[in-house]
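*Asks:* this one's sequence-less:
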């Protein structure tokens with residue numbers, strides 16, 4: 001068995017790669033036009049707001065129509081609702097302008113966790129002095145799973161658009177590449 005790299009020796013690459021991914025994602029989402037078309041305006045948005053607003057729907061995730069029980073899924077009345085439409089999967093957010101602080105902090109910690117797991121896989125499989133390309137490969141593939149894999153579940157199960165899934169997967173590939181490059185550069189000799 002190869003000599004393992006202690007995780008303490010990878011704290012700097014974990015933190016630096018997290019900061020790099022955080023900055024890259026901010027540029028991708030806030031400065032570049034890459035994601036501006038992800039969520040188009042709803043046809044007759046004002047009519048929708050006027051119809052739905054008075055319902056005071058609490059923040060949360062909803063599926064419409066939703067059967068009350070599994071047995072109802074084949075009932076003619078429920079099947080008619082499905083055929084009549086609309087069929088909606090939606091997330092309702094709290095009213096107000098909201099703050100980006102909570103999601104940005106959450107994203108930073110998510111990046112930290114993904115990069116920690118990528119470093120853990122590398123630390124337990126690669127020895128000190130491992131060539132850059134092997135570190136890049138191991139860390140990059142692991143980080144890619146953390147940044148991309150669940151996006152495809154949302155496409156499969158919740159019909160998330162192909163455009164958002166592919167663009168977000170490309171973002172994840174870029175993030176994984178940045179993490180891999182950082183670890184390859186700072187891997188203990």
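*Replies:* Perfect, I can see it now. This structure is a prediction, so every number in the text was calculated from the model and none was measured. Numbers count the residues shown, from 1 in each chain.

*Asks:* Now do the helices in this protein.
*Replies:* Assigned helices in the chain, in chain order: 11-26, 45-52, 76-84, 101-125, 132-158, 162-186 (criterion: DSSP state H).

*Asks:* pLDDT on the last one, on average?
*Replies:* This means helix 162-186. The average pLDDT within helix 162-186 is 97.

*Asks:* Then the longest one?
*Replies:* Regarding helix 132-158, the rounded mean pLDDT is 96.

*Asks:* what do you get for the fourth one?
*Replies:* Confidence for helix 101-125, expressed as mean pLDDT, is 97.

*Asks:* tell me which residues in that helix are buried?
*Replies:* Under the neighbour-count criterion of 16 or more other C-beta atoms under 10 Å, helix 101-125 has 107, 110, 111, 112, 114, 115, 116, 118, 119, 121, 122, 123 buried. (C-beta placed from N, C-alpha, C; glycine too.)

*Asks:* Just give me the closest of these to residue 148.
*Replies:* The nearest member of these to residue 148, counting by C-beta to C-beta, is residue 114 at 10.2 Å.

*Asks:* Kindly provide the distance from the closest one to residue 145.
*Replies:* 8 Å (C-beta to C-beta, to the nearest Å).

*Asks:* picking that back up, could the helices of the chain go into CSV alongside distance to residue 65?
*Replies:* Formatted as CSV, those follow (distance: least, C-beta to C-beta, whole Å):
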stretch, distance to residue 65
helix 11-26, 35
helix 45-52, 15
helix 76-84, 4
helix 101-125, 30
helix 132-158, 15
helix 162-186, 24
